[in-house]
Each structure stands twice: as C-alpha cells, then as structure tokens.
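Enquirer: Just need the structure, nothing else, for what follows:
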Amino acid sequence: MNIFVNILYKIYQFCIALPLFVIVTIIVSTSVIIASLFGDTDTVAYYMPKFWSKCACRFFLLDVKVEGRENIKEDESYVFLANHQGYYDIFLVYGYLGHNFKWMMKEYLKKIPFVGYACVKSKQIYVGDSISAIGKAVAQARETLKDGMSMVIFPEGTRTKTGKMGEFKRGSFMLANEIGLPIVPLTINGSFDIFNRYAKSVSLGTLTLTIHKPITAEERQGKASKVIMKDVFDVINGGLEEKYRQ
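Expert: Alright, predicted model coming up:
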C-alpha cells in the first residue's frame, strides 16, 4: 500500500505540484521586482514570498506545525538563528514564522534565476567570507533591522549532510552582537526527511518550526562569541528529534 501511495504521490508531484509551483515562483518573483521599482522592499517582499512558501507546502501536501510563537513580539526586531536541514527550511520559515524579516544570504545566491534578482531588489542582506564583507553586512543590517524588521540566518552556512547540525560559523554571531538585537534560536524538524540535499524529489511528511525564547543583548554581554555560539547550538539541538540530536 505504501509503495502504491508513493507512486501516486510522485506522479502528482511532478505532473501537478511542480508545474504549479514554478508558475507561482515566476509570479511572486516578478511581483517583488515590480514592487521594488516603486520603492516597496518590505511589504510586498514579505507577503508575496510568504504566499509562495505556503504554496510550496500546500501544493506538495505537507503538514506544518509551529510551536513557541508566543515567545516573540510582532513589533520587535530579532536575529533568528536556525538549523539548516534541507530545501524546505526556507519555505517553513518564510511561510510560518509570522514575522517580517530579511535573510542573510551568501553572495552566490544572487545568481538563482528570478528568485536571486528578486532577493537583490527586496534588499536581502548578502555577506561574503571576508572581514570587510561582514562589516558591510553589519552596516546594511543596522540600516534595515528596525521597527520590527528582523533577520534570519542559518549559522551552519549550508545544509546538513546527516540531519544533525554542523559546526556554526562565527560570522553570524559577530553580526548579531554588533547589531545588539535579541537572538532567537529556531529549531527545524522534518525538513531533512522531506527534501534533503541528496534527495531527487519531495517526500510526504510534517515540518515543525520551534521558536525558542530570545537571548537578549544584556544576557550575552561579557560572553565570548564561542560561548554564545554553544548556548544557541544547545538550545536548537535540544529541540531536534532524538535521531538528529548531537
């Protein structure tokens, strides 16, 4: 029975869900680009990708659960730090975090057709590996992250190969400390099993986003970056399914 369901799901996925998703991707990217020409890089750039992300989950028949939304306030700015299990992490956060934000992204992501250009026009925060690149990202973040606008970072820098978290990169913590905003750890579950870096297609399953309590700048004061990194790592790790916990 499971084999029969899987076969039907693959047929549905490639013949119906994927074409619909491609169409929505083009529409959303174009809408964000057009809106940016009129100076809107926040409202449309948030709600249209949110719609796009929910379509990515609903078209592919995935269940979504969110826990801990009461830990954040709509009008406060944060730096959200999340584990990176798979392709659906972006859709889960964009669609269901419920808070306006910008991504901190790697420079090469600008090259993604439609989406990359839309991200540039919507003023996502790009960062390279050098100290000067981090400094530039900090300056852009200071200008952007206010009045409830937040930022989301994957501190591992890339998708996990095993489902377990990889080592955190120091740059995201340097940036968070420089800006002085509360850090909110996010735990993503289910994404690795649904569509990880080695998968050729989506698998049915449940995505869960856990929003942990903020770690304020005052609570971090006097702590070394390595200590803060470990604190955040432990919080995110503690929310993972047992099989993926370190």
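Enquirer: Which positions in the lengthiest helix in the chain come out as buried?
Expert: Counting residues, the longest helix found in the chain (DSSP state H) is helix 18-37. By neighbour count on 16 or more other Cβ atoms under 10 Å, the buried set for helix 18-37 is 21, 24-25, 28-29, 31-33, 35-36. All C-beta atoms are positioned from the backbone trio N, CA, C, and that covers glycine.
Enquirer: and for the least confident helix or strand in the chain by mean pLDDT, what are the contacting residues?
Expert: The weakest-scoring helix or strand in the chain, judged by mean pLDDT, DSSP states H and E, is helix 131-144 (a mean of 77). For helix 131-144, the external contacting residues (Cβ atoms under 8 Å, 6 or more residues apart in numbering) are 102, 104, 107, 123, 125-128, 151, 171, 174-175, 178-179.
Enquirer: what two of those are the furthest from one another?
Expert: Pairwise distances across the contacts of helix 131-144 peak at 21.0 Å for Lys123 and Met174 (criterion: Cβ to Cβ).
Enquirer: separation between the closest residue to Glu156 other than its chain neighbours and Leu204?
Expert: The shortest distance from Glu156 to any non-neighbouring residue, by Cβ to Cβ, 6 or more residues apart in numbering, is to Gly166 (4.5 Å). Using Cβ to Cβ, to the nearest Å, Gly166 is found at 26 Å from Leu204.
Enquirer: Report how many residues lie close to Val5.
Expert: Around Val5 there are 10 other residues, counting by other Cβ atoms under 10 Å.
Enquirer: And the helix or strand hosting it, what's buried?
Expert: Val5 is part of helix 2-12 when elements are defined by DSSP states H and E. Applying a neighbour-count criterion of 16+ other Cβ under 10 Å, the buried positions in helix 2-12 are Tyr9.
Enquirer: what sits against the nearest residue to Lys54 once chain neighbours are set aside?
Expert: Take Lys54 and drop its neighbours on the chain: the residue closest to it by Cβ to Cβ, 6+ apart is Gly95, 4.4 Å away. Neighbouring residues of Gly95 by Cβ under 8 Å, 6+ apart: 50, 52-54, 56-57, 64.
Enquirer: Okay, and which of these map to helices?
Expert: Using DSSP H, these in helices are 50, 52-54, 56-57.
Enquirer: As JSON lines, the residues you listed with distance to Ser77 and neighbour count would be great.
Expert: JSON lines is the format used below for these (distance: Cβ to Cβ, whole Å; neighbours: other Cβ atoms under 10 Å):
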{"residue": "Lys50", "distance to Ser77": "18", "neighbour count": "18"}
{"residue": "Trp52", "distance to Ser77": "23", "neighbour count": "23"}
{"residue": "Ser53", "distance to Ser77": "21", "neighbour count": "22"}
{"residue": "Lys54", "distance to Ser77": "23", "neighbour count": "16"}
{"residue": "Ala56", "distance to Ser77": "26", "neighbour count": "24"}
{"residue": "Cys57", "distance to Ser77": "26", "neighbour count": "19"}
